[in-house]
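Novice: just the structure for this:
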Amino acid sequence: MLLAMKPSRKDSPAFRDAAHRSAAALAFTQGAGLYDDIRPTYPASVGELLDSPATVADIGCGTGKLTETLLSPGRRVLACDPSDDMVRVFATRLPEVPVWRATAEATALADASVDALTCAQTWHWVDVRAASSEADRVIAPGGELLLCWNTLDVRHPWVLRLSRIMHSGDVQRDGFYPEVNPPWALAREHRETWLMPMSTDGLFQLMATRSYWLRASEATRAKMRANLTWYLYEHLGFDPGQVLPLPYRTDAFIYRRQR
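Specialist: Alright, predicted model coming up:
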């Protein structure tokens, strides 16, 4: 059964306007190597939500964090991302997967050419109306649209403050629903929590993969480093290099056409 769920606008990353959103997204033209090293992959349960599609296109694929979980014998997987740096790292990691530069609003895919389209950590960067329409154009009849996010689990107070120091702009509030335009309607959802071991050094690297950091001046970055140093070592009392269980939450949504 398709579900009519309202998006939680107030609980999602906020942008002043389309220009602000685009400028923030353009930060990812750099730093793909570190992004690949420090950002988490996705639980296997996310890819298992799809109904065994023969052809899948991963849009906004980044360095292939979700893409690699979609690979299976007999399945054709394609990928695209607007960042040349992300595509370069992706091609090195997953040379068997065709990858090109494109956006969710203009994928360069043929009409009705894929059985499923996936977007991981991507949909909050897109023009929802244009991306929903493009998905309708390229996904074959009966196909599915999968949206998913890994989010720092800010229900833990220490992680909430950490996310603010890092300026983690992709934090989604617990229980959120993304905005998706017709003809797409929510068919099912999956939410789970998990822990990622990460050293205190790794938290500084994680901060350096955020859009805010990538766009910041060196003076702003120095202030962010100082704030994180104080928070981890003086306020929380962790030791340099100490490995911490970093709480994450994964939210995934399957959409089908409602016609």
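Novice: tell me which stretches of the stretch 101-250 of the chain form strands.
Specialist: 114-120, 139-152, 184-199, 243-257 (DSSP state E, counting those that start in this stretch).
Novice: and the ones you listed as CSV, adding mean pLDDT and distance to Gly237?
Specialist: Yep, even glycine has a C-beta here, placed from its N, CA and C like the rest. What follows is the strands of the stretch 101-250 of the chain, written out as CSV (pLDDT from 0 to 100; distance: least, Cβ to Cβ, whole Å):
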stretch, mean pLDDT, distance to Gly237
strand 114-120, 98, 35
strand 139-152, 97, 20
strand 184-199, 97, 15
strand 243-257, 98, 12
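Novice: return the most buried member of these.
Specialist: Among the strands of the stretch 101-250 of the chain, ranked by average contacts under mean count of other Cβ atoms under 10 Å, first place goes to strand 114-120 (a mean of 26).
Novice: what's the closest of the strands of the stretch 101-250 of the chain to Leu160?
Specialist: strand 139-152 (8.3 Å; Cβ to Cβ).
Novice: how distant is the closest one from the center of its chain?
Specialist: Centroid separation between strand 139-152 and its chain, computed with Cα atoms, centre = their mean, to the nearest Å, is 11 Å.
Novice: that strand vs strand 184-199, what angle?
Specialist: 30 degrees (axes from the mean of the first three to the mean of the last three Cα atoms, to 10 degrees).
Novice: could you export strand 139-152 as CSV, CA atoms only?
Specialist: Extracted in CSV, the C-alpha atoms of strand 139-152 (Å, rounded to 0.1, in the frame of the first residue of the first chain):
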residue,chain,number,x,y,z
ILE,A,139,12.5,4.6,-14.1
ALA,A,140,10.6,1.9,-16.0
PRO,A,141,6.9,1.1,-15.2
GLY,A,142,6.7,-0.8,-11.9
GLY,A,143,10.1,0.5,-10.8
GLU,A,144,11.2,2.1,-7.5
LEU,A,145,12.9,5.1,-6.1
LEU,A,146,15.1,4.6,-3.0
LEU,A,147,16.2,7.6,-0.9
CYS,A,148,18.4,7.0,2.1
TRP,A,149,20.5,8.9,4.7
ASN,A,150,23.1,8.1,7.3
THR,A,151,22.7,10.7,10.1
LEU,A,152,24.6,11.3,13.2
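Novice: so in that sheet, which strands flank that strand, and in what orientation?
Specialist: strand 114-120 (parallel), strand 243-257 (antiparallel) (DSSP bridges).
Novice: give me the nearest residue to the residue positioned nearest the centre of the chain, chain neighbours excluded.
Specialist: What sits nearest the mean C-alpha location of the chain, by Cα atoms, centre = their mean, is Gln121, with 1.1 Å. Spatial nearest neighbour of Gln121, excluding adjacent residues (Cβ to Cβ, 6 or more residues apart in numbering): Trp149 at 5.8 Å.
Novice: out of the strands paired with strand 139-152, which is closest to Ala57?
Specialist: Comparing those by Cβ to Cβ, strand 114-120 comes nearest, at 4.6 Å.
Novice: circling back to that earlier point, could the strands paired with strand 139-152 be laid out in CSV, adding distance to His167?
Specialist: CSV is the format used below for the strands paired with strand 139-152 (distance: least, Cβ to Cβ, whole Å):
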stretch, distance to His167
strand 114-120, 21
strand 243-257, 17
